[in-house]
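In: just to be clear, the model below is a prediction. Sequence and coordinates:
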Amino acid sequence: MRRVDDVAVSETGPQLLQMMENAGRNLARNAMAARPGLRSVTVLAGPGGNGGGGLCAARHLTNHGIDVTVVLDRDPDDLSGATATQWETLEAMDVQRTTDATAAVVEADVVIDALLGYGLDGAPDDRIGEFVDIAAKAAYLVSLDVPSGVDATTGERPGVAVEPDRTLTLALPKTGLTDLDGPLYLGDIGIPAVVYEQVGIDYESPFEGEYVLPLVVE
Ligand SMILES: NC(=O)C1=CN([C@@H]2O[C@H](COP(=O)(O)OP(=O)(O)OC[C@H]3O[C@@H](n4cnc5c(N)ncnc54)[C@H](O)[C@@H]3O)[C@@H](O)[C@H]2O)[C@H](O)CC1
Ligand SMILES: [K+]
């Protein structure tokens, strides 16, 4: 997946922000579909591309009248790249941010886990590990791409890991996602076949008119 991203970003497009927009919009829709009529969502956002997708979903959910609260693992001034860009828009929108993760998680109809994706490197550190523990108190938890703390390739959990009610993974199913409790969905983030071909993946789009598909894990 990382090689696919590299080819897209450095050779063909789409660029990271474009893919992230598709990720975030699919995530917002998937969360709304999971809990029709939901009124409040808390987004737990990490520092990388996974967090950026969660922040993008926060914008879409707010635009659709949902009361959104964002919890970041760090000061927003310490975000960078596309994730910082997502935050800047939320700041302009005056979206609620809190450092009280427990209250924000307990009070929300749905919690989005956008802490860590395929960039997981070792056991979640103290701060993110604390959020992973707090996420267990969610009424309904939706993970973006990979349940935070789970290795996308091997499925191993080097430390704590969330246990989502559903997971929306992006572009391609990851080999580490075979042992999840809740349902798994696959979201189209707009990567064309030429990108997969350049990476040597024999790819035929499964989407056929849909942007999110349910996956059956065998
Ligand atoms: N083609 C796609 O599938 C796309 C996926 N997108 C999303 O981006 C993430 C991958 O982004 P990346 O920045 O590479 O990694 P992460 O967000 O998972 O995390 C990196 C970030 O987290 C820190 N970190 C790593 N391990 C730990 C740890 N154990 N404890 C604490 N912090 C940790 C690390 O230092 C970095 O700061 C993918 O999953 C998708 O959600 C793109 O949106 C579009 C293309
Ligand atoms: K995640």
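Out: Perfect, thanks for sending it. Residues are numbered from 1 along each chain as shown. Ligands and ions are numbered 1, 2, ... in the order given.
In: near ligand 1, which residues of the chain are found?
Out: Taking Cβ under 6 Å from any ligand atom, the part of the chain that reaches ligand 1 is made up of 1, 4-5, 16, 19-20, 23, 46-53, 116-125, 128, 144-146, 170-171, 189. For glycine as for every other residue, the C-beta is placed from the backbone atoms N, C-alpha and C.
In: number of nearby residues for Ser80?
Out: A count of neighbours around Ser80, defined by other Cβ atoms under 10 Å, yields 10.
In: now do the same contact list for it.
Out: By Cβ atoms under 8 Å, 6 or more residues apart in numbering, Ser80 lies in contact with nothing.
In: so who does whichever residue of the chain sits closest to ligand 2 touch?
Out: Per Cβ to the ion, Ser148 is where the chain lies closest to ligand 2, at 4.1 Å. Listed by Cβ under 8 Å, 6+ apart, the contact set of Ser148 reads 46, 50, 113-117, 120, 124, 128, 132, 135, 161-162.
In: and the residue nearest the centre of the chain, what does it touch?
Out: For the chain, the residue sitting closest to the mean C-alpha position, by Cα atoms, centre = their mean, is Leu144 at 2.6 Å. Leu144 sits next to 23, 27, 50, 53-54, 57, 112-114, 117, 167-168, 170 when contact means Cβ under 8 Å, 6+ apart.
In: near ligand 2 too, which of those?
Out: 50, 113 (Cβ under 5 Å from the ion).
In: kindly reformat the contacts of Leu144 as JSON lines containing secondary structure.
Out: As requested, the contacts of Leu144 are exported to JSON lines (DSSP: H, G, I helix; E, B strand; the rest coil):
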{"residue": "Ala23", "secondary structure": "helix"}
{"residue": "Leu27", "secondary structure": "helix"}
{"residue": "Asn50", "secondary structure": "helix"}
{"residue": "Gly53", "secondary structure": "helix"}
{"residue": "Gly54", "secondary structure": "helix"}
{"residue": "Ala57", "secondary structure": "helix"}
{"residue": "Ile112", "secondary structure": "strand"}
{"residue": "Asp113", "secondary structure": "strand"}
{"residue": "Ala114", "secondary structure": "strand"}
{"residue": "Gly117", "secondary structure": "coil"}
{"residue": "Thr167", "secondary structure": "strand"}
{"residue": "Leu168", "secondary structure": "strand"}
{"residue": "Leu170", "secondary structure": "strand"}
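In: for this structure, what lies in contact range of ligand 2?
Out: For the chain, the residues in contact with ligand 2 (Cβ under 5 Å from the ion) are 50, 113, 143-144, 148.
In: ok so, going back, among the residues of the chain next to ligand 1, which are located in helices?
Out: In helices, defined here by DSSP state H, the members of the residues of the chain next to ligand 1 are 4-5, 16, 19-20, 23, 49-53, 128.
In: how about Glu204, nearest residue that isn't a chain neighbour?
Out: The shortest distance from Glu204 to any non-neighbouring residue, by Cβ to Cβ, 6 or more residues apart in numbering, is to Ala193 (7.7 Å).
In: and the spatially closest residue to Gly149 that is not a sequence neighbour, how many neighbours?
Out: Nearest residue to Gly149, sequence neighbours excluded (Cβ to Cβ, 6+ apart): Ala161, at 2.9 Å. Residues within reach of Ala161, counting by other Cβ under 10 Å, total 24.
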